[in-house]
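J.: dropping the sequence and predicted coords here.
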Amino acid sequence: AQKVTQAQTEISVVEKEDVTLDCVYETRDTTYYLFWYKQPPSGELVFLIRRNSFDEQNEISGRYSWNFQKSTSSFNFTITASQVVDSAVYFCALSESTSGTYKYIFGTGTRLKVLA
Amino acid sequence: DTEVTQTPKHLVMGMTNKKSLKCEQHMGHRAMYWYKQKAKKPPELMFVYSYEKLSINESVPSRFSPECPNSSLLNLHLHALQPEDSALYLCASSQRQGAGNEQFFGPGTRLTVL
């Protein structure tokens, strides 16, 4: 069965520290997609990245980087030199090609607090 | 225009009221979604529209009634809600309904049912 686990419920760091948010997924599909979203206190979910199951290249976008490892079914997200504006809840999500519905399976989210 | 807009931002209603939530996007997306999110939980899918046709209803109670008048607009009609329906209601859209299509979310409507 498909599942996304974000074991870290809440993380607190001091500004400028690096922080990694973990995401572990379960799926029987060979074709699937993984996503990260940021939800600041305002409520809107902001799309950060999409990765398909055939592309294991790591990605860097400014202070954000993502490490996708199929061998461990993980898609971790690192923020380098964190800032107060990074404080938010971060969701990892999985979508499978053969499910027919293509629904997002969300993890439970990780609340990140960056302290000044 | 790369945003999804939702109105109203906040809504307080009694259990006997009828109200509607509105969602709009002008990105040419052909799939639109309603989600419900309770505090400290991930969003839960309620409905999906694909090419203006209802594609998924996640066994949502009939007191929630979705409507997609055209490809840019999505409404959620509310009637006889219960206090436990109080939540953040998020609308999203994607190019198509498909696994690789990222969804873009609106800011949500915070609904309180008294």
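T.: Cool, got the structure.

J.: now do the most centrally placed residue in chain B against chain A, distance only.
T.: Centroid-nearest residue in chain B, with C-alpha atoms, centre = their mean: B:W34, separated by 2.9 Å. The gap separating B:W34 from chain A is 13 Å, by C-beta to the nearest C-beta, to the nearest Å. Backbone N, C-alpha and C define where each C-beta goes, glycine included.

J.: pLDDT of the host helix or strand of that residue, averaged?
T.: Per DSSP states H and E, B:W34 falls inside strand B:31-37. On average, the pLDDT along strand B:31-37 is 97.

J.: could you list the contact residues of chain B toward chain A?
T.: B:40-43, B:45, B:48, B:56, B:88, B:90, B:92, B:97-108, B:110 (C-beta under 8 Å from any C-beta of the partner chain).

J.: 10 Å instead, please
T.: By C-beta under 10 Å from any C-beta of the partner chain, the residues of chain B that approach chain A are B:3-4, B:6, B:9, B:31, B:33, B:35, B:37, B:40-45, B:48, B:50, B:55-56, B:58, B:88, B:90, B:92, B:94, B:96-110.

J.: returning to what we had before: how far off centre is the strand holding B:W34?
T.: 4 Å (C-alpha atoms, centre = their mean, to the nearest Å).

J.: and stretch A:58-69, by the same measure?
T.: Counting by C-alpha atoms, centre = their mean, stretch A:58-69 comes out at 10 Å from the chain centroid.

J.: in chain A, which residue sits closest to chain B?
T.: A:F106 (3.6 Å; C-beta to the nearest C-beta).

J.: the lowest-mean-pLDDT helix or strand in chain A - contacts with which helices or strands?
T.: Lowest by mean pLDDT, DSSP states H and E among the helices and strands of chain A is strand A:59-61, with a mean of 89. Other helices and strands packing on strand A:59-61, by 3 or more C-beta pairs under 10 Å, 6 or more residues apart in numbering or on different chains; DSSP states H and E, are strand A:46-52, strand A:64-69.
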